[in-house]
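Colleague: Make a model of this:
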Amino acid sequence: MQKFKLQVLIEVAIMAGLALVLDLLPSIRLSASISISIAMVPVFLVALRWGAKAGMASGFLWGTLQVLMGDAWFVHPVQLIMEYFVAFTFIGFAGFFRNTIVQSYKTSNRGKGLVFLLIAILVGSLSRYFWHIIAGTFFWAEAGASLGAAFWFALWTQGFTGIAAAVLCYFVLGILFGTAPRLLTQSVKSTHIPVSK
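Modeller: Model (predicted):
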């Protein structure tokens with residue numbers, strides 16, 4: 001039991017660090033406000049291997065590392081909390097679909113696995129970007145824009161970014177799980193998941 005707890009903690013930390021590294025790499029930048037990357041993939045991987053709690057811990061750690069590295073941009077302490085600690089934690093919500101996805105791959109039902117993988121990634125991504133939209137709306141409005149204009153700007157930029165990042169992460173994880181479904185197992189001794197023909 002202790003071995004598994006230690007393995008979870010190690011993976012949570014390593015994947016949060018990997019997410020930070022991926023976030024620092026050049027991304028698909030469509031404008032000053034829209035930047036799309038695969039940085040959420042490691043957090044999704046933890047969530048789908050260990051469940052929502054581990055995914056949320058990894059997301060929280062990633063947000064904390066961004067703040068500690070000075071990579072956080074904010075105009076108010078409440079915004080900092082919402083956009084880095086809360087929003088990144090919510091990526092782990094993808095882990096609520098772990099059992100269905102793992103079971104689908106174990107029974108070689110790859111189609112069902114891919115559908116629930118998409119749902120999991122959309123839930124994790126949209127849960128994260130919901131907080132970015134809320135923070136953006138109120139804190140940009142506080143900076144001088146009308147509440148309505150701030151909401152639509154935040155909804156457009158953060159909503160588009162969240163959906164585009166989710167699609168990109170879905171393709172990466174779909175390829176990973178399709179070629180190496182054992183990534184979904186929790187250890188080397190876990191039940192084998194057959195590769196679909």
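
Colleague: Does residue 88 touch residue 65 like I think?
Modeller: No - under the contact definition of Cβ atoms under 8 Å, residue 88 does not touch residue 65, with a separation of 9.5 Å. Every residue, glycine included, has its C-beta placed from N, CA and C.

Colleague: Tell me which of those two has more neighbours.
Modeller: Neighbours were counted for residue 88 and for residue 65 using other Cβ atoms under 10 Å; residue 88 has more, 27 against 20.

Colleague: From the contact counts, what lies against the strand or helix carrying the more buried one?
Modeller: When secondary structure is defined using DSSP states H and E, the element that contains residue 88 is helix 87-89. Counting contacts by 3 or more Cβ pairs under 8 Å, 6 or more residues apart in numbering; DSSP states H and E, the secondary-structure elements packed against helix 87-89 are helix 52-68, helix 110-142.

Colleague: which residues make contact with that helix from outside it?
Modeller: Residues outside helix 87-89 that contact it (Cβ atoms under 8 Å, 6 or more residues apart in numbering): 43, 56, 59-60, 62-63, 66, 128-132, 135.

Colleague: and if you look at stretch 90-107?
Modeller: Outside stretch 90-107, the residues that reach it (Cβ under 8 Å, 6+ apart) are 40, 43-44, 46-60, 110, 112-113, 116-117, 119-121, 123-125, 127-128, 130-131, 177, 181, 184-185, 191, 193-194.

Colleague: likewise stretch 68-76?
Modeller: Counting contacts by Cβ under 8 Å, 6+ apart, the residues touching stretch 68-76 from outside are 20, 23, 24, 66, 80, 83, 84, 139, 142, 143.

Colleague: roughly how far is that stretch from the heart of the chain?
Modeller: Centre-to-centre, stretch 68-76 and its host chain are 19 Å apart (Cα atoms, centre = their mean, to the nearest Å).

Colleague: State the distance spanning the first to the last residue of that stretch.
Modeller: Distance between the boundary residues of stretch 68-76 (Cα to Cα, to the nearest Å) amounts to 16 Å.

Colleague: Same check on stretch 82-99?
Modeller: Using Cα to Cα, one end of stretch 82-99 lies 29 Å from the other.

Colleague: Redo the contacts of helix 87-89 as CSV? Include distance to residue 95 and pLDDT.
Modeller: Supplementary listing: the contacts of helix 87-89 in CSV, determined by distance: Cβ to Cβ, whole Å; pLDDT from 0 to 100:
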residue, distance to residue 95, pLDDT
43, 9, 98
56, 7, 98
59, 10, 98
60, 13, 98
62, 15, 97
63, 16, 96
66, 21, 92
128, 13, 95
129, 17, 94
130, 17, 95
131, 17, 94
132, 20, 91
135, 23, 89
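
Colleague: Serialize those residues to JSON lines and add fields for distance to residue 72.
Modeller: Listed next are those as JSON lines, based on distance: Cβ to Cβ, whole Å:
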{"residue": "43", "distance to residue 72": "17"}
{"residue": "56", "distance to residue 72": "19"}
{"residue": "59", "distance to residue 72": "14"}
{"residue": "60", "distance to residue 72": "14"}
{"residue": "62", "distance to residue 72": "11"}
{"residue": "63", "distance to residue 72": "8"}
{"residue": "66", "distance to residue 72": "5"}
{"residue": "128", "distance to residue 72": "15"}
{"residue": "129", "distance to residue 72": "16"}
{"residue": "130", "distance to residue 72": "19"}
{"residue": "131", "distance to residue 72": "14"}
{"residue": "132", "distance to residue 72": "13"}
{"residue": "135", "distance to residue 72": "12"}
